[in-house]
Each structure stands twice: as C-alpha cells, then as structure tokens.
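>>> From the sequence below, what's the structure:
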Amino acid sequence: LGAAATIPVIAEPLTQGVEPDALSGRLSRRPNNVSVWLRLVMLTDDADAIPAMQRLLASTDVFDVVSLTLLDRSGQSTAGTPELWRSLRDVCQRHSVKTLLADVSMSEVTAALGDVLAAGASGFVLRSRRSEQASVEGGLLRTLRQRYPRALLVAACGATSPREILGQFDEGAQLVAVDVGLIEAGPLLAKRGNEALAGRRSRLETITAPKRAAGTGWPWAMLLGAGMLIAGLAVFVAGLTRVVLPYDEAFLGISQGALSDINPRLLAFMRHDRITLAATMLSIGILYLSLALNGLRNGWLWARGALLGSGVVGFASLFLFLGFHYVDPLHVTLSAGLFPLLLLGVLLPTRKQVHESRDLDNDASWRLGITGQLFFIGLAIGLILAGVTITVVGATRVFVFSDLAFLRTTASVLSSANNHLLPLIAHDRAGFGGALASDGVAVLLISLWGFRRGERWVWWTLFLAGLAGLAGGVYAHVSVGYLEFGHLLPLFVSAVVFVTGLAFSSAFLLRRRPLGV
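Got it, this is the predicted structure:
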C-alpha cells in the first residue's frame, strides 16, 4: 500500500511468443503517477522457456519504466532457476530496477527460499487462497519475517478488509497486495487500507510530537460559507416581497406594476425563479461552512479541493451574462466580495493532517453506507446535469415548454412587449443553473471523499443542505401554483434519492466505533 498506485503488468506465457515491443507499448500507456510491477510468468519446464525469458529481459524499453520485477514460477520445478535468476538480476541491475521478487505459494514456503534470495532475489511475494487465511493469521508471516529478516516480504494473502490488511502488516509484511479482496470489498479497499494505516502512523507520531495547527485558510472559507448564507437569505426575502428590485426596473424601463399588465403570471414566475436560486445559495452556504469548520480546520486537503471545485463552477457562472447581456449589480457585488474569501480559503497554507479512518470491517453498516454513498453520488450527478441544462437553456432559449404553458404565452410575445424582459429572466435562469451545478459539485466531492465511518458531520451537512434546497424548491413551486407534473418530476426524484441516501448511510456515518487499530 504505497503512496502511488501500482499497476501489475502480466506477461503472457513466454512459450506462446510474447514480443517485447508489444509489452513496451502497453507499459508506455500507463498513467505517469504509478509504479509498474512486471510479473514474469513461467508455466512450463520447456527448454525454450529460459532463452525466451532472457530475450524479453534484453528489451531495454521494457525495463526503462519498470519499478519492480516479480518472477512467478507457477508450480514448475526449480530446474534451471539459478541461471534464470542470475540473468534476471543482471538485467535489472543494468536498468536500475533495484527490487526483484520471487512469487511463492503456501505450498512452497517450506522450500529453500534462502537459495532464491542467494541467487539474487530481493524478497518474495507470499500468495495464499482465502481458505488458507488461518495459516497466515496463525503466524506464518511472522515466522518468515524472523527467518529472513532482510528480505522484502509482500503479503498477497487475500485480505478483504482494512482490518485484515493491518493484521498482515502486524505479522511482518512490509507491503500488502490487494488482489482478490477487491471482488468482495470493491475498488476502494486499497484506499480504506491506506487511510487506516496512515491513521495508525499519525497517532504514533502525535505521541512524540504535538499536533500541528491546520493553517490559516479555514476562517476565510468559513466567512465564505457565512456570506453565501446571508446572500441566500437576502435573495429569499427579495423573492418573497418585491421580486423585481429597483435596478431591475431601471433595466426594464418600467415599474413592477407594469409587469402584471404584460402578463398576470409573470411576477409569480419570476418569484419562483428567485426563490429556487435563494434555496440553492443557502444549500451551498451550508456545504461551504461545514467544509471549513469540519474539513479545512482539521487540515484535510480533500475538503480544500471540494471547496475549490465547487467555488470555481459557481463564480464562473457570473460570465454567463455574455449569453443574455444583462449584468446584475447585486450579483457582481456579491461575487466581488466573496471571491477573495474563496481564494484566501484555498490558497493560504494548510498543514496537511491525516483524515483518520475507523472503517476497518466489511460489516452490514458498511454495506449500507456504500449504498447510501452511491445514492448521493447519483444525486450530485443529477444536480450537475440539471444545472448545466438549465444554464444552457436559460442563456439561449430562456424558457422550456412547461414555462410557457404556465405563463400562457410565447417568448416572442414577451419580447415584443419589452425587449429587456427576456434578458432579465434569462439572467435568473442561468444564474440558478450555475448555482445548482456548483451545489452538485460540492455534494459530489463530499460524497466521494468524505464518506468515512463515524463522520457524523457529513450526514448532517448533506441533510441540512439537501433540506434547504428541496424545501425551497417545493415552496417556490407550490406558492405560485406552478405544479406541472413533468416540471416537478426531477424535484420529486431528487427528494426520493436524497431520503434514501440518508436512510442507507445513517448507521455508517452516525454511529461511532472505537478505533481498534
């Protein structure tokens, strides 16, 4: 479980004729931030196997990108093995590949592993089936560590939970390979194991060194969240009372009362737009405030990434005026005042702290928790897609079919009555879409990075933010009588997914467990 991911690159049996160039091409397509383990598999004792292996080893392109080489003899006899090990060792040394491992199974543990190490191996990978877990837990790894103290010991013993991964480290393994456990525990098993291991090391370090301050960025991020809450409340009050503000009237060139003469439902429609925008801003404010208080203040860099990702989307929506040519003075003022707080929150130094994990077991609450996590990820993706759609429609067509059905008119009629009316409405619609997408990004990143056992603040943050957004959306439509089924269907689906996600994740997030690491 190293800091970088590992991609095992498996060569096909050499008796079937693997070309070095083909293997080099596969290696060249790897991501830049991973180390590559080259696993060489010998399935037979055929006399041509060793020369074929040596020809592969002579390919400089292969070893230029390899960090570690692993020889898997897969049940064949040891005949010819010393010669092969010497060849393999020489090639690795020429290409600065310092680590050379032997792949051994439980049945080979009693063999003379010392001869393999003497032939040039740096250590070995111990593989076992799930049925052999008792032998591993019974002290086999510890025995091997005591017998070969200088060898690199990698355990590939079918660990399926972070607790088992930590147990294999305790038994003497220096690395733990997560392989078949991914079938039971899913692709996040390595991440969970890394977090549990990092948490243990962090606790050991705090015994000898005081905990460092998290940095100076989180108070500014907290002010950003509070500012979003205040701005959301101001927009909500405006939507409940005036709806059209004085600078809106100045842009239109008519008074608020004249809007009802153009269309008696126009003010109600604009009220619906502005209240939904206010509710989304309140939801964002709750998310930002919680990320600052619970994430950035503790030095968790993922919280800074979530704040930055959502903030960039939200503030970038200011430039949507290029699509409808109406610059809202209040929007510009709020952006000018809040954007520096975002920059200060994410750019000021943050002293990284380990986000300790209590998630050690694949129990029932964990299974329910990852199900709830999937619901929230789905909800966040839906919010982002809805926000992008509303933004595009708002900045171009302005209305969808149900909007015009509610207004009982057409866009051309409204534009002919006042040529500034559509840009004003487009501003509301596009601004709401940008805020909704920003909200979705924050929910997505919290759901992806913040779901850990016992993190009560994550559950309450999602609950309060979702409640603010959904309640405001329902009120906005009910209060003006905009109840068309197709228009309300996404809101209804979001509410169902939201409640289901909360229900499934409650046991995982709300119930704390002893660390037990």
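>>> ok, now which ones touch A386?
Applying Cβ atoms under 8 Å, 6 or more residues apart in numbering, we find A386 in contact with G433, L436, G440, P490. All C-beta spots, glycine's among them, are computed from the backbone N, C-alpha and C.
>>> again with A226
Applying Cβ under 8 Å, 6+ apart, the residues contacting A226 are G285, L289.
>>> Doesn't it lie inside a strand?
No - applying DSSP: H, G, I helix; E, B strand; the rest coil, one finds A226 to be helix, outside a strand.
>>> Which elements pack onto the helix or strand hosting F492?
With secondary structure defined by DSSP states H and E, F492 is part of helix 485-510. Judged by 3 or more Cβ pairs under 8 Å, 6 or more residues apart in numbering; DSSP states H and E, the packing partners of helix 485-510 are helix 364-395, helix 401-407, helix 456-480.
>>> and with 10 Å instead?
In this structure, helix 485-510 makes packing contacts with helix 364-395, helix 401-407, helix 421-449, helix 456-480, judged by 3 or more Cβ pairs under 10 Å, 6 or more residues apart in numbering; DSSP states H and E.
>>> Pick the most deeply packed of these.
Neighbour counts (mean count of other Cβ atoms under 10 Å) averaged over each of the helices and strands packed on helix 485-510 peak at helix 421-449, with a mean of 24.
>>> quick one: it to helix 364-395, angle?
For helix 421-449 against helix 364-395, the angle between stretch directions is 160 degrees (axes from the mean of the first three to the mean of the last three Cα atoms, to 10 degrees).
>>> next one: helix 421-449 to chain centre, how far?
Averaged C-alpha coordinates place helix 421-449 at 20 Å from its chain's average position (Cα atoms, centre = their mean, to the nearest Å).
>>> Repeat that for stretch 479-487.
Averaged C-alpha coordinates place stretch 479-487 at 35 Å from its chain's average position (Cα atoms, centre = their mean).
>>> Same question for stretch 271-284.
Taking the mean of its C-alpha atoms, stretch 271-284 sits 27 Å from the chain's own mean (Cα atoms, centre = their mean).
>>> May I have it exported as PDB, CA atoms only?
Coordinates of each C-alpha in stretch 271-284 appear next as PDB, following Å, rounded to 0.1, in the frame of the first residue of the first chain:
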ATOM      1  CA  ARG A 271     -40.700  34.800  -7.800                       C
ATOM      2  CA  HIS A 272     -40.400  31.000  -8.400                       C
ATOM      3  CA  ASP A 273     -37.100  31.500 -10.200                       C
ATOM      4  CA  ARG A 274     -35.600  33.700  -7.500                       C
ATOM      5  CA  ILE A 275     -36.800  31.600  -4.500                       C
ATOM      6  CA  THR A 276     -35.200  28.400  -6.100                       C
ATOM      7  CA  LEU A 277     -32.000  30.400  -6.600                       C
ATOM      8  CA  ALA A 278     -32.100  31.500  -3.000                       C
ATOM      9  CA  ALA A 279     -32.600  28.000  -1.700                       C
ATOM     10  CA  THR A 280     -29.700  26.700  -3.800                       C
ATOM     11  CA  MET A 281     -27.500  29.500  -2.400                       C
ATOM     12  CA  LEU A 282     -28.500  28.500   1.200                       C
ATOM     13  CA  SER A 283     -27.600  24.900   0.400                       C
ATOM     14  CA  ILE A 284     -24.200  26.000  -0.900                       C
END
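>>> related to what we said a few turns ago, specify the angle between the helix holding F492 and helix 456-480 in degrees.
160 degrees.
>>> Next, the buried residues of helix 485-510.
Within helix 485-510, the residues scored as buried using 16 or more other Cβ atoms under 10 Å are 487-488, 491, 494-495, 497-498, 500-502, 504-510.
>>> For the contacts of A386, give me a markdown table that also has pLDDT and distance to V176.
Compiled in a markdown table, those are given as follows (pLDDT from 0 to 100; distance: Cβ to Cβ, whole Å):
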| residue | pLDDT | distance to V176 |
| --- | --- | --- |
| G433 | 94 | 46 |
| L436 | 96 | 42 |
| G440 | 97 | 36 |
| P490 | 94 | 44 |
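>>> with those in mind, which one is nearest to E356?
Using Cβ to Cβ, the shortest approach to E356 within those belongs to G440, at 28.0 Å.
>>> Give me the spatial nearest neighbour of that closest one, chain neighbours excluded.
L383 (3.0 Å; Cβ to Cβ, 6 or more residues apart in numbering).
>>> isn't the one you found right up against S447?
No - with contact taken as Cβ atoms under 10 Å, L383 and S447 are classed as non-touching, separated by 11.2 Å.
>>> residue closest to the middle of this protein?
L448 (3.8 Å; Cα atoms, centre = their mean).
>>> Distance of that residue relative to G387?
The spacing between L448 and G387, counted by Cβ to Cβ, to the nearest Å, is 18 Å.
>>> Ok, L287 next?
In this structure, L287 and G387 are separated by 14 Å, where distance is defined by Cβ to Cβ.
>>> now V243
Here V243 is placed at a distance of 22 Å from G387 (Cβ to Cβ).
>>> Please apply the same query to I230.
With Cβ to Cβ as the criterion, I230 and G387 are 22 Å apart.
>>> all strands of the stretch 51-200 of the chain, in order?
All strands of the stretch 51-200 of the chain, identified by DSSP state E, counting those that start in this stretch, fall at 68-72, 99-105, 123-127, 152-156, 175-176.
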